[in-house]
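Undergrad: one predicted model, sequence on top.
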Amino acid sequence: MNKRFLYAFALTGALAPMAANAECGEISVAEMNWTSGGIITGVTEFLLTQGYGCDVTVVPSATTTAITSLAENNEPDIVPEFWPNGAPAYYDLAEQGKVVKASDAFSEGATEHWLVPGFLVEEHPELATIEGILNNPELVGARFHNCPDGWGCRIANDSLVKAFELEDHGIEVFNHGSGETLQAALVSAAENEEPYFGYYWGPTAPLGQYDMVSVDMGPVNQEAYECNQDSECNEVGKTGWPAAPVFNVVTTDLAESEPEAFELMQNMTFENDTMNGLLAWHANNDATVDEAVVQFLQNNTDVWMDWLSEDAQANMQGMF
């Protein structure tokens, strides 16, 4: 067990002897540079090490870094929480047979929303739909909180603002200068029960911390959605937000050489509500990623035990 887990388990007193399994060799696992990515990597590392006896190396990474390394070096062996929309070259590697999607990282994919606070919908149920908001802009503060310039969601939101004619309905579009102020606006409104209408995505801590309602924007129109993401789209259209794919990816070499590790990754999917709640716990407790990993392992034993082979389950029995 490496230093990160020695520290994390020292906090809980849950340290157990490491299981041995001579059949599993060296495996490299990417660690994405955001909280949920770090949590999934931590869980992956722990289960491979303790359940299967693998010699795991964690490699700091990011979406573009990971895809470049996979293309040039065929490593890391495992890339948890990989967002292919941010690196279309993934699909070329998949067609070439170099990588394979093991599983969806999140049960519902990554989600994007136009949101209003739950207390507002309780008082005014019509605000659960975009039509209700357009007809009652004053109830949501007559303002839409938009993504910062340079973010991918800014282009899509700008298109939707035009398609739904927000400004013509008396709704000011406020373009935030950073992700921090975008989050702060949502948090402030939720904590102080103030009107709010804006964009946010998940899994994220705020969606686990606060009661926010995803506005019904109508069915997904894939053609409109794709055009809306292009800054030069001339025919913006109304559409709901489709879920974005987020994969747990492994190299084909790993899938063939370590079938039990591959099977684990095939089984590993986090429920969106679980990850939202875990990120909220991490934020509320000013916790480290390692502490969030332990929080998940201690409180979701039935979930991750189902991901394991029978031998790995036997190795992990009694650890918590």
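TA: Perfect, thanks for sending it.

Undergrad: of all residues in the chain, which one is nearest the centre?
TA: residue 203 (4.4 Å; C-alpha atoms, centre = their mean).

Undergrad: how close does that residue sit to residue 310?
TA: 30 Å (C-beta to C-beta, to the nearest Å). In short, each C-beta sits where N, CA and C put it, glycine included.

Undergrad: tell me how this protein divides into domains.
TA: 3-108+246-316, 111-228 (automatic domain parsing).

Undergrad: the last one spans what distance, first to last residue?
TA: The first and final residues of domain 111-228 sit 17 Å from each other (C-alpha to C-alpha, to the nearest Å).

Undergrad: which residue ranges of the chain form strands?
TA: For the chain, the strands defined by DSSP state E occupy 26-32, 55-61, 78-82, 99-104, 111-117, 143-146, 172-175, 198-202, 212-214, 247-251.

Undergrad: of those strands, which is nearest residue 182?
TA: Among the strands of the chain, the nearest to residue 182 by C-beta to C-beta is strand 143-146 (6.2 Å).

Undergrad: next up, the contacts around residue 241.
TA: For residue 241, the contacting residues are 111-114, 217, 220, 225, by C-beta atoms under 8 Å, 6 or more residues apart in numbering.

Undergrad: 6 Å instead?
TA: Residues near residue 241 by C-beta atoms under 6 Å, 6 or more residues apart in numbering: residue 112.

Undergrad: likewise for the one 10 residues further on?
TA: With contact set as C-beta under 6 Å, 6+ apart, residue 251 has these partners: 74, 77, 99.

Undergrad: could you find the closest non-adjacent residue to the first one?
TA: If I follow you right, that is residue 74. With sequence-adjacent residues excluded and distances taken as C-beta to C-beta, 6 or more residues apart in numbering, residue 74 is closest to residue 251, at 5.7 Å.

Undergrad: again, but for the second one
TA: The spatially closest residue to residue 77, leaving aside those adjacent along the chain, is residue 254, at 4.0 Å (C-beta to C-beta, 6+ apart).

Undergrad: the last one too?
TA: Nearest residue to residue 99 in three dimensions, chain neighbours excluded: residue 93, at 4.7 Å (C-beta to C-beta, 6+ apart).

Undergrad: any idea how far residue 273 is from that neighbour?
TA: From residue 93 to residue 273 the distance is 31 Å (C-beta to C-beta).

Undergrad: of those two, who's got more company?
TA: residue 93 (20 against 15; other C-beta atoms under 10 Å).

Undergrad: export the contacts of residue 251 to TSV and tack on neighbour count, pLDDT and distance to residue 133?
TA: Listed next are the contacts of residue 251 as TSV, based on neighbours: other C-beta atoms under 10 Å; pLDDT from 0 to 100; distance: C-beta to C-beta, whole Å:
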residue	neighbour count	pLDDT	distance to residue 133
74	15	97	49
77	27	98	47
99	26	98	42
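
Undergrad: show me the shaky parts of the stretch 101-250 of the chain.
TA: Within the stretch 101-250 of the chain, no stretch has pLDDT under 70.

Undergrad: which stretches of it form helices?
TA: Here the stretch 101-250 of the chain has its helices, by DSSP state H, counting those that start in this stretch, at 118-123, 130-135, 152-163, 179-192, 205-209, 222-228.

Undergrad: ranking these by burial, who's on top?
TA: Sort the helices of the stretch 101-250 of the chain by mean neighbour count, taking mean count of other C-beta atoms under 10 Å, and helix 205-209 sits at the top with a mean of 21.

Undergrad: mind checking how far it is from the chain centre?
TA: 12 Å (C-alpha atoms, centre = their mean, to the nearest Å).

Undergrad: phi first, then psi, for residue 232.
TA: Dihedral pair for residue 232: phi -100, psi 10, per degrees, to the nearest 10.

Undergrad: what about it, how many neighbours?
TA: Other residues lying near residue 232 total 6 when counted by other C-beta under 10 Å.

Undergrad: one step back: which one of the helices of the stretch 101-250 of the chain lies nearest to residue 287?
TA: helix 205-209 (11.0 Å).

Undergrad: who does the closest one touch, helix- and strand-wise?
TA: Packing contacts for helix 205-209, counted by 3 or more C-beta pairs under 6 Å, 6 or more residues apart in numbering; DSSP states H and E, involve helix 272-284.

Undergrad: any idea of the mean pLDDT for the helix it packs on?
TA: Averaging pLDDT along helix 272-284 gives 97.

Undergrad: relative to strand 111-117, how tilted is it?
TA: Interaxial angle, helix 272-284 versus strand 111-117 (axes from the mean of the first three to the mean of the last three C-alpha atoms, to 10 degrees): 60 degrees.
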